[in-house]
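S.K.: Kindly generate the corresponding structure for this input.
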Amino acid sequence: MRALVAAFGDPGHVYPAISLGRALARRGHAVTIETWEERRAAVEGAGLDFAAAEEYRTFPPPEPGTEEGQHAADAARALLPLIERLDPAVVVSDILTLAPTLAAEAAGVPLATLIPHIYPVVEPGLPFFAVGLRKPRTPLGRAVWKAGQRALDVGLEHGRRDLNGQRERLGLPPLERFHGGISPELALVATYPQLEYPRAWPASVEVTGPMAFEVPHPDIELPPGDAPLVLVAPSTAHDSENHLVRTALAALATEPVRVVATTNRVRPQRPIPVPANAVLVDWLSYSQLMPIAALVISHGGHGTVARALGAGTPVLISPITGDMGETAMRVAWSGAGLSLPWRLCRPGPLRWATRRPLADPSFRARAGEIAAWGKEHDGAERGAELVEALAARRRPA
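M.R.: Numbering: from 1, shown residues only. Model (predicted):
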């Protein structure tokens, strides 16, 4: 079959889409990845067809009454000729790419949603997504969150009205349900089940496990010695001041560890001091560093966290924005790492926070359990199976 996989261009979104696309291709299907032009080399290097996506702002969401706020419907309309030319049996749309979601429905093509992080839909009685709080442990706590659901529903209703406005511009009927950007037929949640709070899962939602991909990169030279290795891997989309890298290098300069830090190609606006026990590079291969690291320090981007846990390496997260706080809390809840609030991301607190997972073997043991699950459950392969099954259900006899 032919499949169109559309993804937001940040690595945390497009790399899982490429991983899923490669799994579909291994199963004999023709796959086109629609994403930002700057990802063309990564897509084509993975042996997949590339289509350039229109780029528009998704976060923070633009006001619906503005020209930018109407762009999703326009982008969906612009995507229809590609869908007509490809005639795909299925479209897989990243959770941030509303245009392919609308275009697939307008074209009558089966749609799956790829969610490359923790499932964002809140079940009554659980904390709101991205506030970074643990699930309640008492009936009173659950009652408080259930009562707060009314306030959340006000915001969801606002979002539904905005989405229905976009749908009207495409001649699509209004939706009564919330979270209309997620397919009611199939949602692939590409995270570890160990990071998901226990809940009643909808039949259309499947936690597949992470979908890993990286662009090949030469190995780097490590700091000399045999002290534990700490990898500092910040977000690729945030922290323009390199604050996490600067803080970690200063915090660990006198600790009995070796440090590898990367700017992830966020160009420093001023020099970053590098102590004798550390090296600083602009890019590196997680495949080289994650398996040999004793600890990974990050902002909590889901892709980085998933790669660390997949290697059995515990994580220290200092979340800066978005869903990073949620990921940090889930990692701490799972026992595979710790969370350090961004306001405390200073040399002293970070130094103390680093010592605990390095000294306590329970963190590595729990990360190892998650890694063992991941070795038995290939997220991309499971996702490809489910996408195939969706297309088969909708294929005419």
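S.K.: Every contact and neighbour count from this point should use C-alpha atoms.
M.R.: Noted.
S.K.: which stretches of the chain form helices?
M.R.: Here the chain has its helices, by DSSP state H, at 11-26, 40-45, 71-86, 98-107, 139-169, 243-251, 286-289, 302-310, 324-334, 347-359, 361-376, 379-394.
S.K.: Identify each buried residue in the first one, please.
M.R.: Spelled out, it's helix 11-26. 11-25 (16 or more other C-alpha atoms under 10 Å).
S.K.: same check, this time on the second one
M.R.: Taking 16+ other C-alpha under 10 Å as the neighbour-count basis, helix 40-45 is seen to contain the buried residues 40, 42-43.
S.K.: How about stretch 170-186?
M.R.: By neighbour count on 16+ other C-alpha under 10 Å, the buried set for stretch 170-186 is 170, 178-184, 186.
S.K.: Export the residues you listed as TSV, with columns for distance to residue 206 and pLDDT.
M.R.: Listed next are the buried residues of stretch 170-186 as TSV, based on distance: C-alpha to C-alpha, whole Å; pLDDT from 0 to 100:
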residue	distance to residue 206	pLDDT
170	29	93
178	19	91
179	16	91
180	17	91
181	16	92
182	13	95
183	12	96
184	12	95
186	8	97
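S.K.: And these, which is closest to residue 231?
M.R.: Minimum distance to residue 231 across the buried residues of stretch 170-186 is 34.6 Å, recorded for residue 182 (C-alpha to C-alpha).
S.K.: Residue 343 and residue 151, how far apart?
M.R.: Distance, residue 343 to residue 151, using C-alpha to C-alpha, to the nearest Å: 27 Å.
S.K.: Same check on residue 336?
M.R.: Applying C-alpha to C-alpha to residue 336 and residue 151 gives a distance of 32 Å.
S.K.: okay, those two: which has more neighbours?
M.R.: residue 336 (26 against 10; other C-alpha atoms under 10 Å).
S.K.: so that one sits right up against residue 317, yeah?
M.R.: No. Counting by C-alpha atoms under 8 Å, residue 336 stays clear of residue 317, with 10.9 Å between them.
S.K.: residue ranges of the strands in the stretch 201-350 of the chain, please?
M.R.: 205-207, 229-233, 258-262, 278-281, 295-298, 315-317, 337-339 (DSSP state E, counting those that start in this stretch).
S.K.: Report the inter-axis angle for the helix or strand bottoming out on mean pLDDT in the chain versus helix 98-107.
M.R.: When each helix and strand of the chain is scored by mean pLDDT, DSSP states H and E, helix 139-169 comes last, with a mean of 88. Orientation of helix 139-169 against helix 98-107 (axes from the mean of the first three to the mean of the last three C-alpha atoms, to 10 degrees) gives an angle of 60 degrees.
S.K.: buried set for helix 139-169?
M.R.: Buried residues in helix 139-169, counted by 16+ other C-alpha under 10 Å: 142, 145-146, 148-149, 156, 159-167.
S.K.: Which other helices and strands does that helix contact?
M.R.: helix 71-86 (3 or more C-alpha pairs under 8 Å, 6 or more residues apart in numbering; DSSP states H and E).
S.K.: can you list the residues that contact the helix it packs on?
M.R.: Helix 71-86 has contacts (C-alpha atoms under 8 Å, 6 or more residues apart in numbering) with 2, 4, 54, 56, 98-104, 107, 166-167, 169-170.
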